[in-house]
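**Q** What shape does this take:
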Amino acid sequence: MMKKGKYILIMLSLFICAYLFSNRMTPRIENIASKEINQFIQILINHTSFTQKIDTHKLYKKENNSISFQMNYINDIASNYIHNLEETLLKLEEGSYQENNHSPYNKKLLKINQQKGIVARIPIGSLTNNIFLQDRGPSFSIKYKTLSLTSSNIDKKIKNYGINHLAISIDLNVTIVLQILVPLYHEHFKENYTIPLVYEVIEGEVPSWYQN
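**A** Below is the predicted model of the structure:
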């Protein structure tokens, strides 16, 4: 009977310790995981921008001192960009990403691909406030699972640039939703990103008005 009571007491103590450890460490894990996932998304966006092919001559039409955006082509660019982002996310997650291009970010993506969506491995010591333990202890993995990727809108702007030039910019606003998979912490990551697709300066008379 005493053995059973001792066993229950030990289990209860372990449960309390685990609970206290979880409550104390979860905010730190959340902070580290969000930073690592955000850094990964930035690398992915930069990689996709690097490999995106855009014919700037098809973006707009200049007639009679006015400029009109060619929305069919711009929408195609945005749809293709979103498709590439989502496809790359899913391929990295399942370990089937095989691109071998000259993007400076591709090396990092290939490493994540080998680990099937593990963005980073963080030593447990980094969760403490002790600088001597930052790189100590076993590591835990920060992994993601793709939930959704939606384009919110396309932002188009024309501004005067100098005396007789115009600056044309087209940005794509994207909302990315992932699930962060970390021990003691499984939460959604949702962030909005503004991705510059085009920025071009063209020569010509400064128009008194323009149409989008």
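**Q** and the spatially closest residue to R121 that is not a sequence neighbour, what are its bridge partners?
**A** Spatially, and ignoring its direct neighbours in sequence, R121 is nearest to S139 (4.2 Å; Cβ to Cβ, 6 or more residues apart in numbering). Placement of C-beta: from N, CA and C, glycine included. Beta-bridge partners recorded for S139 (DSSP bridges): P123.
**Q** Repeat that for I168.
**A** Going by DSSP bridges, I168 forms beta bridges with I158, E200.
**Q** so I163, which of the three states?
**A** Per DSSP: H, G, I helix; E, B strand; the rest coil, the local secondary structure of I163 is coil.
**Q** Show me where the protein has its helices.
**A** Under the criterion DSSP state H, helices of the chain are mapped to 2-51, 71-94, 106-114.
**Q** Low-confidence ranges, this protein, go.
**A** 1-25, 65, 125, 127-135, 137, 150-151, 184-185, 204-212 (pLDDT under 70).
**Q** center of it, which residue is that?
**A** Nearest to the geometric centre of the chain sits I41, at 2.0 Å (Cα atoms, centre = their mean).
**Q** List the beta-bridge partners for the nearest residue to that residue once chain neighbours are set aside.
**A** Distance criterion Cβ to Cβ, 6+ apart; nearest residue to I41, sequence neighbours excluded, is I176 at 6.0 Å. Judged by DSSP bridges, the bridge partners of I176 are L149, E191.
**Q** Return the residues in contact with I176.
**A** Contacts for I176 (Cβ atoms under 8 Å, 6 or more residues apart in numbering) come out as 41, 85, 148-149, 189-191, 193.
**Q** Could you pick out the buried ones from those residues?
**A** The neighbour-count test (16 or more other Cβ atoms under 10 Å) marks 41, 85, 149, 189, 193 as buried among those.
**Q** For the last one, give me its contacts.
**A** In this structure, Y193 makes contact with 41, 45, 173-176, judged by Cβ under 8 Å, 6+ apart.
**Q** Pick the one among those residues closest to N80.
**A** Minimum distance to N80 across the contacts of Y193 is 12.9 Å, recorded for V174 (Cβ to Cβ).
**Q** looking at it, that closest one is touching S152, isn't it?
**A** Yes - with contact defined as Cβ atoms under 8 Å, V174 and S152 form a contacting pair (6.8 Å).
**Q** joint contacts of these two?
**A** Common neighbours of V174 and S152 (Cβ under 8 Å, 6+ apart) are N192.
**Q** who has more neighbours, these two?
**A** Per other Cβ atoms under 10 Å, whichever of V174 and S152 has more neighbours is V174, with 22 against 12.
**Q** what's the spacing between that one and I41?
**A** Between V174 and I41 the computed distance is 10 Å (Cβ to Cβ, to the nearest Å).
**Q** Turn the contacts of Y193 into JSON lines, including distance to I54.
**A** Converted to JSON lines, those look like this (distance: Cβ to Cβ, whole Å):
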{"residue": "I41", "distance to I54": "21"}
{"residue": "I45", "distance to I54": "15"}
{"residue": "N173", "distance to I54": "17"}
{"residue": "V174", "distance to I54": "16"}
{"residue": "T175", "distance to I54": "22"}
{"residue": "I176", "distance to I54": "21"}
